[in-house]
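In: my questions concern the predicted model and sequence given below.
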Amino acid sequence: MSSPVKLPGQHYLNAAYGIKSWLLTTDHKRIAWLYLASITLFFFVGGFFAVLIRLELMTPQGDLVEAETYNKLFTMHGLFMIFFFLIPSIPAVLGNFLVPMMIGAPDLAFPRLNLASWYIYIAGATLALVAAVTGGVDTGWTFYTPYSSIYSNTNVVLAALGIFITGFSSILTGINFIVTIHKMRAPGLTWFRLPLFIWAHYATSIIMVLGTPVLAVTIVLVAIERIFRIGFFDPALGGDPVLFQHLFWFYSHPAVYIMILPGMGVISELVTCFSRKRIFGYSFVAFSSLAIAVVGFLVWGHHMFVSSQSVYASMIFSILSFVVAVPSAIKVFNWTATLYKGSISLQTPMLYALGFIGLFTIGGMTGLALAALGLDVHVHDTYFVVAHFHYIMVGGMVMAYLGGLHFWWPKMTGRMYPEWWGRLSALIIFVGFNLAFFPQFLLGYLGMPRRYHAYPEEFQVLNVMSSAGASILGIGYLIPMIYFIWSMRYGAQAGPNPWQAKGLEWQTPSPPPTENFPITPVVTEDAYAYSQEEAAVV
Amino acid sequence: MSDVQTTLAHQFEDPDQQHEAASLGMWAFLITEIMFFGGLFAAYTVYRIQYPAAFVTASHLLDYKLGAVNTAVLICSSLTMALAVRAAQLGQRRNLIVFLILTMTLGTTFLGIKAAEYTHKFHERLIPGPNFTPNVSPNREAQLFFLLYYSMTGLHALHMVIGIGVLTWLLVRAVRGHFSHEYYSPVEMSGLYWHFVDIVWIYLFPLLYLVR
């Protein structure tokens, strides 16, 4: 790392200049940047609503905003974070950038479709943003009927249209990944030599392709009922509100795995690289991704334990929800086994990865608690649930996203970020996150319901802790933002492979040329052929 | 050969890879379409089980003869589409153009009959809502049937319209001589889409018109 390395003269970032060269690009690497910029924007939009929510909950009286405004706040927070940040983040940014490079292809199979996906995403997000600033939506991000379809007086149709359109972006990205991974692998890159990041994206794409259209048609039905006042879901009109929940959760539960599976793919890469060891049980990690994708479709009913579902259906869904924890646990065990006797270096991406493993485990274990019928009835719709899914989505997904962003930043920009600040931000985020969300487990267990803007005084201490943690978390998010932008100009030059990592993406210059590889690489060894001797180099 | 070189996108090594990628992409897209219609089929199943009597009464109000004619029209259009794909594969430009036009004509005929049916239903006030006034009881459940009828056939008709648009695009390219026996993927992929839309109708027709 001491010898000076030079940026390549010609690379994808300076191959063409001007706004048009970005907005009309079909280069998957540039499209990844388009997504990175827009997703960051919507992350801060969602974060803004979160700030207001946590400010409101500082005091028990509910004196900052009114109840209706509060309903809109948590709805918009959920909508933006889930549909416009969490679901696209890793696939659209890191996946777009890395899937072709990791399999030695010059681009995705359908580059123009890829660009179209981004425009569709922007169109949908813009509509949702318009819905937010022209009055908001108060249904909760789940759009439960018949409230959303008949009674709510807010911008439901506009927001739903935004989600509907964005769904197509997700479907097209999924199709693009599936075809690319099937048909465009470099010579010698067999299925069982693929990086686990690719396996994770393959499984994610299957969920995107199978799940998203169901959400799309469900949203269409809500819009029809709302516009024409004729009833699919309103019992007064002969409809069945529980049908909505079935259709909605058929997508939205697997959507949780759209969020977490790519994160697991990132963590597999980080853990094996920074412990200089081959991943333990490669094929188990690979197949567990597929198992999660398949079983994830069979557990939606655990969102409906208290929604008039028969007790036998609930029992089945409860058992299946336990089953889906098995492949997740396999991954955690394999990561831990990979760390065992590895030569671990605690660089920034590794800190994020270790944070992920810890937080995801807590989130997963509490998920088991919620899958248990009796316990779920006790903590249903309390802050216990809120804490659980924030541990998975923020503690898991966002940690993985940031870890992956740090890991591949040198590849994306050709420059390093300041390591000390990187470690500091990882630490601040970990501390802030736990302070923000662990108290919510206690709140929920004590009985504080979610979605209330005022609460009894005995909950205040824990709520203040949570709000304090949230502000620390917010600072933790701002720091990487600042030094990433700084590093684009002033960061040390990284060279093709600053981490001495294995994988095709590290065999080409950083930043890579537009066609990714000067000559198509030929793969001759299995993934992650790390050896302990090389560890001495780092 | 020059044709092949101009139609090979930069990211592919050879025409075979490009063709296979297009094919897999189309199949994956059709799977999403199945799931898209699947939500409606699930809703149909639920309400049919909940309100069997009302659904039987309401389905009697549909004209199964028109539905049957439309089914025949669509099956014929699938045949002409298949012949168009074959003409493209054999590089017969004239036949390709003829069969594309035939397919479009049949597709438009289908939509025309569908429009006539909708108009008829409109005059009979079979539109769900406050003015829904057929002599059916129970009225509320019959409205649900018609809501499903319009959603499912409407979504199907929308797919037909898009299909005809795609065929128009193919026709323009065929007239300009873009296709050859070495490059015909767009025709084949559009054919898959067209057949898929036909198959959806093959399920819709008995479910809505025939099942008593």
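Out: The structure has been received and is ready for your questions. Residues are numbered from 1 along each chain as shown, chains lettered A, B, ... in the order given.
In: low-confidence ranges, chain B, go.
Out: By pLDDT under 70, the low-scoring segments of chain B are B:1-6, B:134-137.
In: residues in contact with B:Phe110?
Out: Contact partners of B:Phe110, counting by CB atoms under 8 Å, 6 or more residues apart in numbering or on different chains, are B:Asn70, B:Val73, B:Leu74, B:Ser77, B:Met160. In this view, the C-beta of every residue, glycine as well, is placed from N, C-alpha and C.
In: what sits against the closest residue to it other than its chain neighbours?
Out: Distances taken as CB to CB, 6 or more residues apart in numbering or on different chains place B:Val73 nearest to B:Phe110, at 4.9 Å, with adjacent residues excluded. Contact partners of B:Val73, counting by CB under 8 Å, 6+ apart, are B:Leu106, B:Thr109, B:Phe110, B:Ile113.
In: which strand or helix spans the residue most central in space within chain B?
Out: The centroid of chain B falls nearest to B:Val197 when counting by CA atoms, centre = their mean (2.8 Å). Using DSSP states H and E, B:Val197 sits in helix B:185-205.
In: so how far is that helix off the chain centroid?
Out: In terms of CA atoms, centre = their mean, to the nearest Å, the gap separating the centre of helix B:185-205 from the centre of its chain is 6 Å.
In: still on that earlier bit, ok, so of the contacts of B:Phe110, who is nearest chain A?
Out: Taking CB to the nearest CB as the measure, chain A lies nearest B:Met160 of the contacts of B:Phe110, at 17.4 Å.
In: thinking again about what came up before, now the residue nearest to B:Phe110: phi and psi?
Out: B:Val73 adopts backbone torsions of phi -60, psi -40, taken as degrees, to the nearest 10.
In: and the contacts of the least confident helix or strand in chain A by mean pLDDT?
Out: For chain A, using mean pLDDT, DSSP states H and E, the weakest element among its helices and strands is helix A:373-379, scoring a mean of 91. Contacts to helix A:373-379, defined as CB under 8 Å, 6+ apart, come from residues A:His302, A:Phe305, A:Val306, A:Ser314, A:Met315, A:Ser318, A:Ala369, A:Leu370, A:Val385, A:Gly444, A:Tyr445.
In: tabulate those residues (JSON lines), appending distance to chain B.
Out: Formatted as JSON lines, the contacts of helix A:373-379 follow (distance: CB to the nearest CB, whole Å):
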{"residue": "A:His302", "distance to chain B": "19"}
{"residue": "A:Phe305", "distance to chain B": "20"}
{"residue": "A:Val306", "distance to chain B": "20"}
{"residue": "A:Ser314", "distance to chain B": "18"}
{"residue": "A:Met315", "distance to chain B": "21"}
{"residue": "A:Ser318", "distance to chain B": "22"}
{"residue": "A:Ala369", "distance to chain B": "30"}
{"residue": "A:Leu370", "distance to chain B": "26"}
{"residue": "A:Val385", "distance to chain B": "26"}
{"residue": "A:Gly444", "distance to chain B": "32"}
{"residue": "A:Tyr445", "distance to chain B": "36"}
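In: tell me which of those fall in helices.
Out: A:Ser314, A:Met315, A:Ser318, A:Ala369, A:Leu370, A:Val385, A:Gly444, A:Tyr445 (DSSP state H).
In: list buried residues within those.
Out: Neighbour-count burial (16 or more other CB atoms under 10 Å in any protein chain shown) applied to the ones in helices among the contacts of helix A:373-379 gives A:Ser314, A:Ser318, A:Leu370, A:Val385, A:Gly444, A:Tyr445.
In: for the third one, give me its contacts.
Out: Spelled out, that is A:Leu370. A:Leu370 touches A:His302, A:Asp376, A:Val379, A:Phe384, A:Val385, A:His388, counting by CB under 8 Å, 6+ apart.
In: now with 7 Å?
Out: A:Asp376, A:Val379, A:Val385, A:His388 (CB atoms under 7 Å, 6 or more residues apart in numbering or on different chains).
In: kindly report the same for the fourth one.
Out: Contact criterion CB under 7 Å, 6+ apart gives A:Leu370, A:Val379, A:Gly444, A:Arg450 as the residues in contact with A:Val385.
In: ok, now with 10 Å
Out: Each residue near A:Val385 by CB atoms under 10 Å, 6 or more residues apart in numbering or on different chains is listed here: A:His303, A:Thr366, A:Gly367, A:Leu370, A:Asp376, A:Val379, A:Gln440, A:Phe441, A:Gly444, A:Pro449, A:Arg450.
In: chain B: which of these is nearest?
Out: A:His303 (16.7 Å).
In: number of residues surrounding the residue nearest to B:Ile75 when sequence neighbours are not counted?
Out: Excluding the flanking residues, the one nearest B:Ile75 by CB to CB, 6+ apart is B:Asp198, at 7.0 Å. B:Asp198 has 24 neighbours, counted by other CB atoms under 10 Å in any protein chain shown.
In: returning to what we had before: quick one: list the elements packing against the helix holding B:Val197.
Out: Here helix B:185-205 touches helix B:15-50, helix B:64-89, helix B:93-123, helix B:139-175, going by 3 or more CB pairs under 10 Å, 6 or more residues apart in numbering or on different chains; DSSP states H and E.
In: what residues sit buried inside the third one?
Out: Within helix B:93-123, the residues that qualify as buried are B:93, B:95-100, B:102-104, B:106-107, B:109-111, B:113-114, B:117-118, B:121, counting by 16+ other CB under 10 Å.
In: now the angle from it to helix B:139-175?
Out: For helix B:93-123 against helix B:139-175, the angle by axes from the mean of the first three to the mean of the last three CA atoms, to 10 degrees is 160 degrees.
In: just the closest of the ones in helices among the contacts of helix A:373-379 to A:Ala37, please.
Out: Closest to A:Ala37 out of the ones in helices among the contacts of helix A:373-379 is A:Val385 (32.4 Å), distances taken as CB to CB.
In: nearest residue to A:Val45 other than its sequence neighbours?
Out: The nearest residue in space to A:Val45 (CB to CB, 6+ apart) is A:Phe80, at 5.1 Å.
In: likewise A:Leu368?
Out: A:Ala325 (5.7 Å).
In: thought the one you found was touching A:Phe360?
Out: No. Assessed by CB atoms under 10 Å, A:Ala325 is found out of contact with A:Phe360, at 11.5 Å.
In: list the residues that contact both of the two?
Out: Contacts common to A:Ala325 and A:Phe360, judged by CB under 10 Å, 6+ apart, are A:Gly367.
In: more neighbours: which of the two?
Out: Per other CB under 10 Å, whichever of A:Ala325 and A:Phe360 has more neighbours is A:Phe360, with 26 against 17.
In: near residue 161, how many other residues are there?
Out: The chain I'm using is chain A. A:Leu161, neighbours per other CB under 10 Å, totals 20.
In: the intended chain is chain B.
Out: Counted with other CB under 10 Å, residues neighbouring B:Val161 total 12.
In: same check, this time on A:Thr142
Out: Neighbour tally, A:Thr142, other CB under 10 Å: 18.
In: now swap in A:Pro511 and tell me
Out: When counting by other CB under 10 Å, one arrives at 23 neighbours for A:Pro511.
In: do you know the pLDDT at it?
Out: If you check A:Pro511, the pLDDT there is 93.
In: returning to what we had before: in this structure the residue nearest to A:Val45 contacts A:Phe44, no?
Out: Yes. At 9.4 Å, A:Phe80 counts as touching A:Phe44 under the criterion of CB under 10 Å.
In: so which of the two has more stuff around it?
Out: Taking neighbours as other CB under 10 Å, A:Phe80 and A:Phe44 compare with A:Phe80 leading, 26 against 16.
In: can you pull the residues of the stretch 201-350 of chain A lying near chain B?
Out: A:205-206, A:208-221, A:224-225, A:228-233, A:236-240, A:242-244, A:246-247, A:250-251 (CB under 10 Å from any CB of the partner chain).
In: perfect, that will be all.
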